[in-house]
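Colleague: please work out how this folds:
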Amino acid sequence: MEEDREEAMSFKDLGVCEKLVEACEYLGWKNPSKIQAEAIPHALEGKDLIDLALTGSGCL
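Modeller: Okay, the predicted model is just below:
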């Protein structure tokens, strides 16, 4: 169930600027990875963050 919710989330849903949404769409990135979905909201709030993901988890 959690994976279905994450797949439905888009970069626009995360609140990134429209130019970045367009760039992601141009590159064919439809949905953020789990680590992106968790980190982007904190980064947009200006918070410092350290996150951990398995090697290759962000690969296309």
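
Colleague: use CA for all of it now, contacts and neighbours both
Modeller: OK.

Colleague: angles on the backbone of residue 25, please.
Modeller: Taking degrees, to the nearest 10, you get phi -60, psi -40 for the backbone angles of residue 25.

Colleague: equivalent analysis for residue 12, please.
Modeller: phi -60, psi -40.

Colleague: spatially nearest residue to it (excluding sequence neighbours)?
Modeller: residue 21 (6.0 Å; Cα to Cα, 6 or more residues apart in numbering).

Colleague: what about that neighbour, distance to residue 52?
Modeller: Relative to residue 52, residue 21 is positioned 24 Å away (Cα to Cα, to the nearest Å).

Colleague: neighbour count winner among those two?
Modeller: The residue with more neighbours, out of residue 21 and residue 52, is residue 21; 19 against 7, by other Cα atoms under 10 Å.

Colleague: using CSV, list the CA coordinates for the helix or strand containing that one.
Modeller: Take DSSP states H and E as the rule and residue 21 turns out to sit in helix 18-26. What follows is helix 18-26, C-alpha atoms only, in CSV (Å, rounded to 0.1, in the frame of the first residue of the first chain):
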residue,chain,number,x,y,z
GLU,A,18,7.6,24.6,-11.9
LYS,A,19,10.9,24.9,-13.8
LEU,A,20,12.2,21.9,-11.8
VAL,A,21,8.9,20.0,-12.5
GLU,A,22,9.3,20.7,-16.2
ALA,A,23,13.0,19.5,-16.1
CYS,A,24,12.0,16.3,-14.4
GLU,A,25,9.3,15.7,-17.0
TYR,A,26,11.7,16.4,-19.8
